[in-house]
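Undergrad: A structural model of the following input is requested.
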Amino acid sequence: MGDDLEGGLVTRWGAAGSGDVERIEAADWREWPSELSLFDDRVDAVRVAREKLVPSEGAGHVLRVRTRDGEPTGVIVEEADWRGPVPEAEFAEGPELPAAWRSYLRSSSWLRRGWLASGKYVWLYPPAEAQQLLAIWETEGTHPGIALIGGDGGLENFVLDLRQDPAPVLLVSNASKSWDDAVMQAANVEEFIARVEDGTFDLTWTA
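TA: Residues are numbered from 1 along each chain as shown. Predicted coordinates for the structure are as follows:
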C-alpha cells in the first residue's frame, strides 16, 4: 500500500513506457502524465510494466511518486526498468554463458536495473554491453574465465567465473587485480536470478 509520509505526503507507484519517461524527464522529473494511472501497491505497477508495457514497447518503467491529496508533488524517482527479450544474435559473440542466464535475458521481461525490496540496487547487462565494459576494464590477463553480468550501479560488479561448473556469481570491484579478492554472492546463476526476482538479493562483503 502507499506509504504515508510526513506533511500529508503519500508514496504511490506508476508504470510508464519509454516515451512517457522521456516526457517526465523533460519536465525535470516533477510532473506525472495525467493519463497514466498511479497505484497504492508497487506490485501493481510492476505487473503493468512487465505484462503490458514490456510486450508493447520493449521496456516498462516503475516509478515512485509522492502525492498530496491525490496529486503528484515532488521529484519522481525511477524504481525499476524492465526489458524485453535480448536478441539471440547477442549471444553469438563472447564466452558461452550459462543456460539459465541466457534464458533469463531471453525471457518475456527481465530486470534491467532497479531497487529491490532488500534495499539493494541492481543493474544487469545484456551480453553486448557486458563485453564492451569488460574490454574497457581490461580483465583478460587478471581474471581468466570472467563473464560480466551486472553491477550495483557503482564500483562493484557481478561476474561469473566460467572456469567453474556451475559458474558462481561473484562480486569484484573495478579496482580488482585478480580472482583472489572476489566474494561469493550466489553459488550459481539460478540462485542469483531467483533472489533478484523475489527481491531478497543482498550484497555479501566477506567470504
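
Undergrad: Nearest residue to the middle of the chain?
TA: By C-alpha atoms, centre = their mean, the mean C-alpha position of the chain lies nearest to Arg113, the distance being 2.1 Å.

Undergrad: wait, what's in contact with that residue?
TA: Applying C-beta atoms under 8 Å, 6 or more residues apart in numbering to Arg113 gives the contacts 80-81, 121-124, 153. From N, CA and C alone the C-beta is placed, and that goes for glycine too.

Undergrad: Please repeat the previous calculation with a cut-off of 10 Å.
TA: Counting by C-beta atoms under 10 Å, 6 or more residues apart in numbering, Arg113 touches 61, 78-83, 121-125, 150-151, 153.

Undergrad: Any of the residues you listed buried? List them.
TA: 61, 78-83, 121-125, 150-151 (16 or more other C-beta atoms under 10 Å).

Undergrad: where does the protein have low pLDDT?
TA: Scanning the chain for pLDDT under 70 picks out 1-7, 207.

Undergrad: show me the biggest helix of it in terms of residues.
TA: helix 127-137 (DSSP state H).

Undergrad: mind listing the helices in the chain by residue range?
TA: Along the chain, the segments classed as helices by DSSP H run 18-26, 42-48, 54-57, 99-105, 127-137, 189-197.

Undergrad: For the fourth one, enumerate the helices and strands it packs against.
TA: Helix 99-105 sits against strand 110-115, strand 121-124, helix 127-137, strand 146-151, helix 189-197, with contacts defined as 3 or more C-beta pairs under 10 Å, 6 or more residues apart in numbering; DSSP states H and E.

Undergrad: buried set for it?
TA: 100-102, 104-105.

Undergrad: between the contacts of Arg113, which is nearest Arg195?
TA: Val122 (9.7 Å; C-beta to C-beta).

Undergrad: In contact with that closest one, which residues?
TA: With contact taken as C-beta under 10 Å, 6+ apart, Val122 is in contact with 80, 111-116, 150-153, 158, 192, 195-196, 199, 201, 203.

Undergrad: Please apply the same query to Ala27.
TA: Listed by C-beta under 10 Å, 6+ apart, the contact set of Ala27 reads 33, 76.

Undergrad: Can you tell me how far it is from Asp20?
TA: From Ala27 over to Asp20 the distance is 11 Å, taken as C-beta to C-beta, to the nearest Å.

Undergrad: Next: Ala128.
TA: 26 Å.

Undergrad: what does Asp81 give?
TA: 13 Å.

Undergrad: Quick check: neighbours shared by these two?
TA: 61, 63.

Undergrad: circling back to that earlier point, rebuild the helices of the chain as CSV, extending it with distance to Ala92.
TA: Output for those, formatted as CSV (distance: least, C-beta to C-beta, whole Å):
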stretch, distance to Ala92
helix 18-26, 26
helix 42-48, 31
helix 54-57, 24
helix 99-105, 12
helix 127-137, 9
helix 189-197, 19
